[in-house]
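> I'll drop the sequence and a predicted model, then ask my questions.
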Amino acid sequence: STSSISRKTQQYAMKWKAVLFEANPDVYSELKNSRPQASTFNGAFCNNTDKQLTYSQGAFFTSDSKDISSVNATRSAKEMSAVTVSCLSISTELSKLNIRHADVIYISVSGNAFAVLNSFDFTQISVSIWVLDLDPLDDYYEPISAKLTDYGYVKAEWDIKRWCPPVFGKCTNNEVWLEARFNPLPDPVLASSRRLSEIGTPRLYDTFSAKHNNLRYQSQ
């Protein structure tokens with residue numbers, strides 16, 4: 001799935017508008033029911049937004065083996081009882097909602113993540129923070145990095161992995177890219193993160209966990 005904001009806590013606590021994209025029709029139905037206040041779209045991301053994929057019995061299929069998409073699609077001319085899944089562009093759908101700026105866009109897909117960025121019009125929508133679930137060994141890692149760099153984004157100096165489990169959930173493969181000269185962290189936090197990087201331990205979430213436990217014990 002791909003979303004401008006992926007967590008319920010962020011939607012309600014920070015009063016952000018959530019826009020969620022999910023390719024799998026079965027998962028999409030659950031998503032739409034569980035997030036009624038979010039804008040939801042059933043669609044994939046492809047190298048050509050005019051294309052369509054088909055979905056049948058838990059698998060995606062494409063008519064062209066050269067297609068790249070955000071899901072793992074198998075070459076097939078026709079599948080029985082197949083559901084059509086449109087290829088979308090985040091920027092196009094956000095524009096339809098009269099959204100011109102996204103604070104955060106989070107991308108986590110089973111297929112080629114470059115298909116998401118390749119269909120995105122950077123002149124339509126400005127984005128402060130990209131959070132991408134990436135494997136540096138994937139073939140599309142370098143093209144994604146190059147595209148974000150070309151549009152003025154820089155990889156965050158701080159490591160998001162310091163906020164991974166047990167506090168903020170799974171994010172070990174996540175990378176953060178920021179608008180040039182944009183820093184979402186206060187300077188003291190950024191400085192602390194750099195010092196901890198040099199020291200190696202303790203990790204930030206250990207510190208946060210300790211504070212949380214102390215507060216919990218004091219409230220009892």
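Received it, and whenever you're ready, just let me know what you need.
> before we move on, what SS does the residue nearest to residue 111 when sequence neighbours are not counted have?
In space, and not counting its chain neighbours, residue 111 is closest to residue 71: 4.4 Å by C-beta to C-beta, 6 or more residues apart in numbering. Glycine gets a C-beta too; all of them are placed from N, C-alpha and C. What DSSP: H, G, I helix; E, B strand; the rest coil gives for residue 71 is coil.
> so where's the protein uncertain?
Scanning the chain for pLDDT under 70 picks out 1-15, 65, 77-80, 158-172, 183-220.
> swap the cut-off to 80 and go again
1-16, 48-50, 64-67, 75-81, 157-174, 181-220 (pLDDT under 80).
> for the protein, what spans make up the strands?
Ranges of strands in the chain, per DSSP state E, are 2-3, 19-22, 39-42, 52-56, 59-62, 73-75, 83-86, 101-107, 126-133, 153-155, 174-179.
> Comparing those, which stretch has the densest surroundings?
Comparing the strands of the chain by mean neighbour count (mean count of other C-beta atoms under 10 Å), strand 2-3 comes out on top with a mean of 26.
> Tell me, how many residues neighbour the closest residue in space to residue 122 that isn't next to it in sequence?
Closest residue in space to residue 122, ignoring its immediate chain neighbours: residue 151 at 4.7 Å, by C-beta to C-beta, 6+ apart. Neighbourhood size, residue 151 [other C-beta atoms under 10 Å]: 16.
> about what we covered before: let's have the strands of the chain in CSV, adding distance to residue 33.
As requested, those are arranged in CSV below (distance: least, C-beta to C-beta, whole Å):
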stretch, distance to residue 33
strand 2-3, 16
strand 19-22, 12
strand 39-42, 10
strand 52-56, 19
strand 59-62, 22
strand 73-75, 26
strand 83-86, 18
strand 101-107, 21
strand 126-133, 24
strand 153-155, 34
strand 174-179, 27
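> Which one, of these, ends up nearest to residue 32?
Taking C-beta to C-beta, strand 39-42 is the member of those nearest to residue 32, at 4.9 Å.
> So what are the sheet partners of the closest one and their directions?
strand 19-22 (parallel) (DSSP bridges).
> hey, C-alpha coordinates of the partner strand in CSV?
Only the C-alpha atoms of strand 19-22 are listed here, as CSV (Å, rounded to 0.1, in the frame of the first residue of the first chain):
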residue,chain,number,x,y,z
VAL,A,19,-5.1,9.5,1.6
LEU,A,20,-4.6,5.8,1.2
PHE,A,21,-3.8,3.7,-2.0
GLU,A,22,-4.1,-0.1,-2.0
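> Residue 47 - nearest residue in space that isn't next to it in sequence?
That would be residue 68: by C-beta to C-beta, 6+ apart, it lies 4.7 Å from residue 47.
> And for stretch 63-80, what's in contact with it?
Identification of contacts with stretch 63-80 by C-beta atoms under 8 Å, 6 or more residues apart in numbering yields 2, 23-24, 44-48, 51, 53-54, 56, 59-62, 87, 109-116, 118.
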